[in-house]
Structure formats: structure tokens, C-alpha cells
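Engineer: what follows is a predicted structure for the sequence shown.
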Amino acid sequence: MANPSRYPANIRQVAAALAARYADFDHHNLKDPLDELLFIICSTKTAETGYRATFDKLKRSFPTPRDLAEAPAEYIAKPIASGGLSGQKSRAIRAILDAVNDRFGAPTLEPLRGMSDRDAEAFLTALPNVGKKVARCVLLYAFGRRVFPVDTHCWRIARRLGWVRRTQKDGHCAPRDADRLQAKIPPELRFSLHVNFISLGREICAAGKPNCAACPLTAWCRRVGVNPRASRGSPPVRQPQPGKRDARDG
Ligand code: SF4
């Protein structure tokens with residue numbers, strides 16, 4: 001069980017401010033777990049409008065999971081070609097469907113509903129091309145589990161807020177970083193913070209030039225690693241522990 005004393009002191013104010021602005025918009029994610037997993041595979045390195053159209057074409061070409069499960073990778077590649085990387089994505093979809101079929105005897109992820117979070121995540125991350133972030137998206141969106149997928153927006157904003165520090169030289173979120181950040185989020189806030197961090201990252205807290213002047217989180221944000229000349233807005237809140245600031249954050 002998570003330890004409440006480890007949660008960031010400002011986490012409930014941050015969650016409330018974001019919920020007031022973005023209303024927990026779910027970014028069109030899907031309730032069927034296999035659809036959600038394939039939707040995420042289709043979204044890799046593709047703009048939002050592009051991957052939604054790509055997934056719709058895939059569903060029109062293969063209306064049922066069984067239709068898709070029987071299709072060769074080159075047939076799967078055709079309807080998703082407009083999203084890019086169709087060869088790679090179609091092979092990943094083919095390999096995932098084979099693995100799911102082998103385990104459950106049908107192209108479905110519904111049996112995960114009866115598993116614990118830990119076992120369901122272990123099954124999903126053992127699938128080809130599925131890491132912690134993707135597995136937790138399926139668990140969060142399709143099964144309503146209280147997990148926190150750490151995508152690029154969540155990782156960047158949590159670091160700027162001062163909730164978590166980077167451990168990798170290149171700044172990417174390692175699996176243990178994803179676990180550390182998840183443990184810092186109260187389970188009942190995980191869905192809300194995940195979807196609203198994505199909204200904030202797309203609208204205001206961009207990777208290159210955050211628009212701090214327009215941000216609803218200025219009162220609580222330490223702006224760790226944010227270049228004041230690159231951001232727009234008032235100075236960051238006072239650093240409680242300036243000596244522990246991670247100069248590698250960017
Ligand atoms: S205050 Fe600036 S750095 Fe902090 S979350 Fe808002 S936009 Fe991002």
C-alpha cells in the first residue's frame with residue numbers, strides 16, 4: 001500500500017487546479033482493452049488526428065478481433081499506412097495477437113480483468129513492444145485500475161514541479177522512475193492527474209517553451225530545469241532545498 005507521507009505536499013492543490021481547467025478529458029482512449037492496446041500501438045510517433053483516423057481504418061478493415069487475428073502482417077499494414085511505421089506497427093500487432101491467442105485461446109484481453117494489477121501488468125509487459133507506460137494505459141483506461149502511466153508529458157511536468165528527479169543521463173524515464181513517480185501519486189488521483197498532465201503538456205507546459213504565465217500551476221511549481229529565458233511568465237516559487245536541484249533537468 002502507498003505511504004501517504006511520501007506524496008508531494010501540493011499534490012491535491014495541483015490536481016484540483018488541473019481538474020478545474022481540463023475536467024479529466026480522457027483523450028479519446030478506449031474501454032475495450034485489446035482496442036486500447038492496438039490504439040496505442042497505432043499512435044506511436046503519429047499526431048493525434050492521424051492515429052485516430054488510422055485506428056478507425058484498421059477497425060473498418062477488420063471489424064472483429066477474430067478478423068484481425070487471422071490477418072497476415074502485410075494485410076494489417078495497409079489500413080494503417082497513413083500513420084507511418086506501418087511495417088513495424090503491423091508486425092507488432094501480429095505478434096501481440098499471436099501471444100494473446102496462445103495464452104487465452106482467443107484474441108481478447110478480458111481475462112486480465114480477474115488478475116491483480118501486478119499480474120496483469122506482468123502479462124502485458126511480456127507482450128512484444130509493450131512497456132510499463134503502455135501496459136498501465138490499458139489498465140487505467142480499459143480496466144479502471146488505479147495506476148499512473150508516465151508518458152512524456154507526465155514525466156516532464158512532474159520533474160518541473162519538483163515531484164521527481166531524473167536518474168538517467170539522457171533524461172528519459174526509466175522503469176524504476178515510473179514506479180517511483182506512481183508511488184508518489186495517491187491512487188484516487190492517478191487517472192485525473194494522468195489525463196490532465198497530458199492536456200497541460202499539450203496546451204501550456206510544452207517541452208521547449210512552457211507558457212508559465214498562462215499556467216494554472218504557477219503557485220506550486222518549482223520549475224526545475226526550466227530556463228527562465230525560454231519560459232514566459234513570473235519567476236518560479238522559492239526552492240525549499242536549492243542544493244538538491246537537479247541541474248541536468250531540461
Ligand atoms: S509553471 Fe511553467 S514549468 Fe510549471 S507546470 Fe506550469 S508551464 Fe510547466
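Structural biologist: The structure has been received and is ready for your questions.
Engineer: in the worst-scoring helix or strand of the chain on mean pLDDT, what's buried?
Structural biologist: Using mean pLDDT, DSSP states H and E, helix 48-61 stands out as the lowest-scoring helix or strand of the chain, at a mean of 86. Burial within helix 48-61, assessed by neighbour count using 16 or more other C-beta atoms under 10 Å, is assigned to Y51, R52, A53, T54, F55, K57, L58, K59. The C-beta positions use only the backbone N, C-alpha and C, and glycine is treated the same way.
Engineer: now stretch 205-213
Structural biologist: Of the residues in stretch 205-213, those with enough neighbours to count as buried (16+ other C-beta under 10 Å) are C205, P210, C212.
Engineer: equivalent analysis for stretch 123-131, please.
Structural biologist: For stretch 123-131, using 16+ other C-beta under 10 Å, the buried residues are F123, L124, L127, N129, V130.
Engineer: give me the nearest residue to the spatially most central residue of the chain, chain neighbours excluded.
Structural biologist: Against the mean C-alpha coordinate of the chain, by C-alpha atoms, centre = their mean, the closest residue is D151 at 3.6 Å. Once flanking residues are discounted, D151 sits nearest to K133: 5.8 Å by C-beta to C-beta, 6 or more residues apart in numbering.
Engineer: what's near enough to touch that neighbour?
Structural biologist: Each residue near K133 by C-beta atoms under 8 Å, 6 or more residues apart in numbering is listed here: P149, V150, D151, C173, A178.
Engineer: where are the low-confidence patches of the protein?
Structural biologist: Applying pLDDT under 70 to the predicted model, the residue ranges of the chain that meet it are 1-5, 48, 230, 232-250.
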